[in-house]
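Q: Okay, here's the prediction I keep looking at, along with the sequence it came from:
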Amino acid sequence: MPDMILLETEEQMTDRIDLLKRELSKVRTGRANPALLEQVHVDYYGVETQLSQIGKIAVPEANQLLVKPYDKSMVKDVERAINAANLGLNPNNEGDQLRIVLPALTKERREQLKKDIHKLGEECKIGVRSARHDGRDAIKKLEKNGDISEDDMHEYYDDIQELTNKYVEKADQLIEQKEQDIMTL
């Protein structure tokens, strides 16, 4: 039973790290990344559909995205959806596709992005610590019910703390790596 609690705790921590990775992939680093358009939804015949499902998103150059809808009649709708998403991107309509040239990041914008990713990292660490708290509570409940001894409880506490340290370090590494990507010209 305590081993299941450890597994559940680790799973919660892994979920937090995965969420951080997804959020960091959306942060612009000056290089084109199709994940920038992940949150764009297009009205596709009355249904809100993710852009990646109705067209191909390519990276022809380091600072460009090319969006080519499978249905050429959707180009205007895709252009409107990208503009409505408030991503600070300006798509150029080339008839059957859209070309998005990413402007260079200013020093001020880079500093702001750095603050934003640190905030995302802190939210992730809070989630990891919350999972630690839940795991410790579950172990304490087992000890209270007499299912495990007090010594075992403390051993499991140590195991949970090791997991916490491991996942907090992973979050720090992801943040540091993204920070380097942002600050590199």
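A: Received it, and whenever you're ready, just let me know what you need.

Q: where are the low-confidence patches of the protein?
A: Applying pLDDT under 70 to the chain flags the ranges 28-30, 185.

Q: Just give me how far the lengthiest helix in the chain sits from the chain centre.
A: Longest helix in the chain by number of residues, with DSSP state H as the criterion: helix 107-144. Helix 107-144 sits 14 Å away from the centroid of its parent chain (Cα atoms, centre = their mean, to the nearest Å).

Q: Next SSE downstream of it?
A: helix 150-183 (DSSP states H and E).

Q: any idea how far the closest residue to Y167 other than its chain neighbours is from V128?
A: Distances taken as Cβ to Cβ, 6 or more residues apart in numbering put M13 closest to Y167, at 4.2 Å, once the chain neighbours are dropped. C-betas here are computed from N, CA, C, even on glycine. M13 sits 5 Å away from V128, going by Cβ to Cβ, to the nearest Å.

Q: who touches both of those two?
A: Shared contacts of M13 and V128 (Cβ atoms under 8 Å, 6 or more residues apart in numbering): 164, 167.

Q: what's next to the longest strand along the chain, contact-wise?
A: Once the chain is assigned using DSSP state E, the strand that runs over the most residues is strand 64-69. With Cβ under 8 Å, 6+ apart as the test, strand 64-69 has contacts from 32, 34, 36-37, 51, 54-60, 75, 78, 82, 89, 91, 96-102.

Q: Great, nothing more from me.
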